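*Asks:* the sequence and its predicted three-dimensional model are supplied below.
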Amino acid sequence: MSGKTLRSHSLVVSARRSCFVVRFEHRRTRSAFSSRLDATEPYHVVCGYRSPETNEFLRRRHRGVAQNSFHVDGRAVDLFLPDRELLQLRSAALDLAAGGVGYYPRSGLVHLDTGPARTW
């Protein structure tokens, strides 16, 4: 499987539907999250759902990719807002105290998931 296949546009669209909606609509926190950031622009989803094969492919090539990633269950999203500092996005996510929040400044994204509340 090539890197291009792994990051296809259809995967991002599908991820946005399955993960982003689960994270914000299911927990009814989307407006609270957006209002903390005073955000009206769309979130940019870098990664959402991953197949088990894609997750294993990434695990072999990158440190820090979890074997039992919430991405595989459609319960995680990596995203950013172009008009906001990454630390603002992280801070707003931490304020919600719901799910996991990962901060990846080198990659320019924040990870959010619906698992237990934790940070890294």
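*Replies:* Good, I have the coordinates. This one's a predicted model, so the numbers in the text were calculated from it and none came from an experiment. Numbering: from 1, shown residues only.
*Asks:* hmm, D78 and Y104 touching each other?
*Replies:* Yes: between Y104 and D78 there is a contact at 7.5 Å, judged by CB atoms under 8 Å. Placement of C-beta: from N, CA and C, glycine included.
*Asks:* between these two, tell me which one has more neighbours.
*Replies:* Set Y104 next to D78 and count neighbours by other CB atoms under 10 Å: D78 wins out with 21 against 16.
*Asks:* a strand runs through that one, doesn't it?
*Replies:* Yes: inclusion of D78 in a strand is indicated when DSSP: H, G, I helix; E, B strand; the rest coil is applied.
*Asks:* roughly how far apart are it and H71?
*Replies:* 8 Å (CB to CB, to the nearest Å).
*Asks:* likewise D95?
*Replies:* In terms of CB to CB, D95 sits 23 Å off from H71.
*Asks:* so those two - more neighbours on which side?
*Replies:* H71 (25 against 13).
*Asks:* surely R50 touches S69?
*Replies:* Yes: between R50 and S69 there is a contact under CB under 8 Å: 6.6 Å.
*Asks:* ok, back up a step: quickly list what's touching both of D78 and H71.
*Replies:* C47, G48 (CB atoms under 8 Å, 6 or more residues apart in numbering).
*Asks:* what number of residues lie near the closest residue to S51 other than its chain neighbours?
*Replies:* Nearest non-adjacent residue to S51, counting by CB to CB, 6 or more residues apart in numbering: V72, 7.3 Å away. Neighbour count for V72, taken as other CB under 10 Å: 18.
*Asks:* contacting residues for V72?
*Replies:* Counting by CB under 8 Å, 6+ apart, V72 has contacts Y49, R50, S51, P52, N55.
*Asks:* what ranges do the strands span in the chain?
*Replies:* 44-47, 76-80, 100-104, 109-113, 118-119 (DSSP state E).
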